[in-house]
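Trainee: Provided below are the primary sequence and the corresponding predicted coordinates.
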Amino acid sequence: MSKTSSVPPAFQSIKSLPPNFKVANNLNGGLSSKHGDVRLKSGDPIRSSSPANGALVVEVSKEVHDRAGNMDVFDEDSPYSGQVRLLQEEDRPSNGGEDSESVPLPLPSNSASSRESRWSDTTPYASKKKVQCWLQLSNGNWELVKIITSSGSESVVSLPDGKVLKVHDESLVSANPDILDGVDDLMQLSYLNEPSVLYNLQYRYNQNMIYTKAGPVLVAINPFKKVPLYGNDYIEAYKRKSIESPHVYAITDTAIREMIRDEVNQSIIISGESGAGKTETAKIAMQYLAALGGGSGIEYEILKTNPILEAFGNGKTLRNDNSSRFGKLIEIHFSETGKICGANIQTFLLEKSRVVQCNEGERSYHIFYQLCAGAPPSLRDKLNLRSAEDYKYLRQSNCYSIVGVNDAEEFRTVMEALEVVHISKEDQESVFAMLAAVLWLGNVSFTVIDNENHVQAVEDEGLLSVAKLIGCDIEDLKLTLTTRKMKVGNDNIVQKLKLSQAIDARDALAKSIYSCLFDWLVEQINKSLAVGKRRTGRSISILDIYGFESFNRNSFEQFCINYANERLQQHFNRHLFKLEQEEYIQDGIDWAKVEFEDNQDCLNLFEKKPLGLLSLLDEESTFPNGTDLTFANKLKQHLNSNSCFKGERDKAFTVCHYAGEVIYDTTGFLEKNRDLLHLDSIQLLSSSTCHLPQKFATQMLTQTEKPAVGPLHKSGGADSQKLSVATKFKGQLFQLMQRLESTTPHFIRCIKPNNLQSPGLYEQGLVLQQLRCCGVLEVVRISRSGFPTRMSHQKFARRMIFAWF
Ligand SMILES: Nc1ncnc2c1ncn2[C@@H]1O[C@H](COP(=O)(O)OP(=O)(O)OP(=O)(O)O)[C@@H](O)[C@H]1O
């Protein structure tokens, strides 16, 4: 795409997408067929072919699938059960500019044009007698061309490089006048089509203007470099409203003001793919909140939770050097005077498997490398610490460092932060001892005895270090790792483990220690941030949850992450499309419905009982003889007719997510869902002379003894019984959605402009695919054609009073 020579031709074709990634899905479950058909999110099929002249001739079908027809499915399995109601003023996503004159206020329109398909801006350009327009090339990129002549159905156009082409008029898309280059709200574009939006975002991106409004949504494009947009001067300017350009600061400012003015809790919901910039955006929002609501000192503590959580919960992946492997909701509480008086952090599903298993080129959690590189000599001695290369868990992925990151320095930052959140020196040492115990556990090896049937733990430095660090008897440790106590009838028997079982037992212990440590740390942080007495009950929550993931091989972790993203997308749809339009219809307004991709079908695929993915997974997990293969077969047997599901060969299946199709390999699903830690291991921890392992054991026992709801998992008599991981996660997500429902949402959509984490590289195909997935164009369309503001009489009166005083 090019418009003026000032914009570097940094675009790359859609080929830059992962090979297995397919854009969006439709009702039929198909995306790109062998005929070259491509379906857009709204369901409008665009038939494409590549003519000899290299131009992509595009035919836009009038057929529009009404995916929004089924507006709401409220059932007992929905987090919105019992909440069926009209959109309250509080629930509307804030456009951040209700008081601002600068936001264009179009009248609600019911014109013929608004009833046309969402691609109505693609009306043949020549017929409008315009001189320039967008032409899509066969590589998928858009080029700005000038029309030389037009003969009704065909036009002769010139490309920027001087080439002249004859193309069908349908392949031309309206371009905006130059005066609209780089507008800061996409709502201001006269022609709202994909190339215009892509061009506008790129135009701004090239000038370090990484933020753009899309109606009520803030689009943030990751600059992958330092941009001069932050710091005290900017904070001050946004506070005084002397700058109005879109920014995380502006969104956060709106949230604070609306919380005080409307007395309604607010949420800032940050979404996007892995590496798109969610965590950085969350930190920028926290920075602004701290600057405006600070004073008591608690804001400093809140900011210091970031290095701790990132050290323990983030790791290097192939997509992001600092990828969050957990979800996070931080709720910041305010006093009556608008000052921060405390905070609470809730975390979701830490990726435990990373502790014991890591792909080539990735890293485990940062804290392991930081500890190895930065622990002072006395601590090293106490923990018998070596360098990262000496630990098998860290060695397997063959990656120890991150370009531009000094792990030793980061370790000092973490130690300082632990101090700030009041983790005592003694507790800090216990934390490091647990980390070292996990690392040494990975080095525990076994020798096979009894004709290769059973194993013995090798009594070497690894085993001795683990026993010392956990504070347990070495013989107990050996037995725990190589045998399993079972109850058969009334008899207690001891079963000797095979090599693979012993390795599993060892890894399960390592994973449990680490995840308990993570939970314990969050608990301590929460105690330190506990809300003060002057609490008003008003809060701003910032949600930074792992983005949609689609790899070559997708496992249970991606399954859960992508399910969470479906739930979040539903929240987005609900507030930006469903509730808004429902209200117009209820009020009897003559309203032309804006189509959007409703992901309710996909959510149903996950959540329906008894034949949804989660229920079937739980059911299979409770069968002692259930395997990943029997689970995969069960899915195919029951779900093959579901349009969002496709059975694949062997143990795999495909889910058609709102963001694309993902093939899941069920290997390890059952084990990860059961997440069993044998009672022997729990007993080992409770026999410890150190306080942290004892606490972890108590925590595990409480989890297993009193399940709240949902299926229990047990395999063998003496094993722990507990809620399945998927069920627990679903419960957490439902609670999260209910919490978010009581807030005014502010949405930030982070966009990753390239997969190389490089500054200045804007891949058109990649950006477009993300914009389509999150429905940015539809949001702008609905905001443009909808009412700019609405409020109840009561609220109007309150606002007037607020304005007067
Ligand atoms: N506003 C920004 N300014 C400068 N660099 C940024 C900005 N936002 C993101 N980045 C860069 O992009 C990297 C990835 O961002 P971030 O970790 O926030 O992504 P994410 O969406 O949270 O990813 P994940 O889902 O994997 O956790 C950051 O480490 C940083 O280098």
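Mentor: Cool, the structure landed. None of these values were measured; they are calculated from a predicted model.
Trainee: now the element after the longest helix along the chain, going C-ward?
Mentor: Longest helix of the chain, by residue count under DSSP state H: helix 499-528. On the C-terminal side of helix 499-528, the closest following helix or strand by DSSP states H and E is strand 535-544.
Trainee: for the record, mean pLDDT for that following strand?
Mentor: For strand 535-544, the mean pLDDT works out to 88.
Trainee: so which bits of it are buried?
Mentor: T536, R538, S539, I540, S541, I542, L543, D544 (16 or more other Cβ atoms under 10 Å). For every residue, glycine as well, the C-beta is placed using N, CA and C.
Trainee: with stretch 367-379 instead?
Mentor: Those would be I367, F368, Y369, Q370, L371, C372, A373, G374, A375, L379, for stretch 367-379 by 16+ other Cβ under 10 Å.
Trainee: any idea which element the last one lies in?
Mentor: The one in question is L379. Assigned by DSSP H and E, L379 falls in helix 377-383.
Trainee: and that helix, how far out from the chain middle?
Mentor: Counting by Cα atoms, centre = their mean, to the nearest Å, helix 377-383 is centred 38 Å from the centre of its parent chain.
Trainee: tell me which other helices or strands it touches.
Mentor: Judged by 3 or more Cβ pairs under 8 Å, 6 or more residues apart in numbering; DSSP states H and E, helix 377-383 is in contact with helix 425-442.
Trainee: in the helix it packs on, what counts as buried?
Mentor: 427, 430-442.
Trainee: which residues touch that helix?
Mentor: Applying Cβ atoms under 8 Å, 6 or more residues apart in numbering, the contact partners of helix 425-442 are 355-356, 367-368, 371-372, 375, 379, 382-385, 391-394, 415, 418-419, 423, 461-462, 465-466, 469-470, 506-507, 509-510, 513-514, 517, 521, 524, 690-693.
Trainee: could you dump stretch 469-482 to CSV, C-alpha only?
Mentor: C-alpha atoms of stretch 469-482 as CSV (Å, rounded to 0.1, in the frame of the first residue of the first chain):
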residue,chain,number,x,y,z
LEU,A,469,16.0,-27.1,50.3
ILE,A,470,12.6,-28.6,50.9
GLY,A,471,13.6,-29.5,54.5
CYS,A,472,12.6,-33.2,54.3
ASP,A,473,14.2,-36.5,55.0
ILE,A,474,16.2,-37.9,52.0
GLU,A,475,14.7,-41.4,52.4
ASP,A,476,11.2,-40.0,52.3
LEU,A,477,12.0,-38.0,49.2
LYS,A,478,13.4,-41.1,47.5
LEU,A,479,10.3,-43.1,48.4
THR,A,480,7.9,-40.3,47.2
LEU,A,481,9.6,-40.1,43.8
THR,A,482,9.8,-43.9,43.2
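Trainee: now do the same contact list for the residue most central in space within the chain.
Mentor: Residue closest to the average C-alpha location in the chain (Cα atoms, centre = their mean): G547, at 2.4 Å. Under the criterion of Cβ under 8 Å, 6+ apart, the neighbours of G547 are S271, G272, E273, S274, G275, A276, K278, I561, N565, C750.
Trainee: and which of the buried residues of stretch 367-379 is nearest to L603?
Mentor: I367 (34.8 Å; Cβ to Cβ).
Trainee: can I assume the closest one sits in a strand?
Mentor: No. Assigned with DSSP: H, G, I helix; E, B strand; the rest coil, I367 falls outside any strand and is helix.
Trainee: circling back to that earlier point, who wins on neighbours among the contacts of G547?
Mentor: With neighbours taken as other Cβ atoms under 10 Å, the top of these is K278, carrying 28 neighbours.
Trainee: now do the contacts for T317.
Mentor: S274, S323, E362.
Trainee: does K730 count as helix, strand or coil?
Mentor: helix.
Trainee: any figure for the gap between it and S267?
Mentor: 20 Å (Cβ to Cβ, to the nearest Å).
Trainee: around the ligand, pick out the residues from the chain.
Mentor: 222-224, 226-227, 272, 274-280, 320, 322-324, 546-547, 750 (Cβ under 6 Å from any ligand atom).
Trainee: what about the residue of the stretch 451-600 of the chain found nearest the ligand, which SS state?
Mentor: Across the stretch 451-600 of the chain, the shortest distance to the ligand (Cβ to the nearest ligand atom) belongs to G547, at 4.2 Å. Recorded secondary structure, G547: coil (three-state DSSP).
Trainee: ditto for V157
Mentor: Applying three-state DSSP: V157 is strand.
Trainee: got the contact list for stretch 239-247?
Mentor: By Cβ under 8 Å, 6+ apart, the residues outside stretch 239-247 that reach it are 100, 102, 184-185, 209, 211-213, 218, 229, 234, 237-238, 250, 253, 291-292.
Trainee: from those, which ones fall inside strands?
Mentor: Counting by DSSP state E, the part of those found in strands is Y211, T212, K213, L218.
Trainee: filter those to the buried ones?
Mentor: For the ones in strands among the contacts of stretch 239-247, buried by 16+ other Cβ under 10 Å: Y211, T212, K213, L218.
Trainee: which residues touch the residue nearest to D675 when sequence neighbours are not counted?
Mentor: Spatially, and ignoring its direct neighbours in sequence, D675 is nearest to V725 (5.0 Å; Cβ to Cβ, 6 or more residues apart in numbering). Residues near V725 by Cβ under 8 Å, 6+ apart: L349, F556, C560, K672, N673, R674, D675.
Trainee: tell me the secondary structure for N398?
Mentor: Quick answer, by three-state DSSP: N398 is coil.
Trainee: once you drop chain neighbours, what's closest to it?
Mentor: Per Cβ to Cβ, 6+ apart, closest to N398 is E360, 5.8 Å.
Trainee: got the contact list for that neighbour?
Mentor: By Cβ under 8 Å, 6+ apart, the contact set of E360 is S397, N398, C399.
Trainee: does the last one really touch R363, like I thought?
Mentor: Yes. Here C399 reaches R363: they are 5.4 Å apart, a contact under Cβ atoms under 8 Å.
Trainee: out of the two, which sits in the more crowded spot?
Mentor: Using other Cβ under 10 Å as the criterion, C399 and R363 rank with R363 on top: 25 against 19.
Trainee: confirm that one sits in a strand?
Mentor: No. R363: not assigned to a strand; according to three-state DSSP it is coil.
Trainee: before we move on, back to that, which of the contacts of stretch 239-247 are buried?
Mentor: Among the contacts of stretch 239-247, those classed as buried by 16+ other Cβ under 10 Å are 184-185, 209, 211-213, 218, 229, 234, 238, 250, 253, 291-292.
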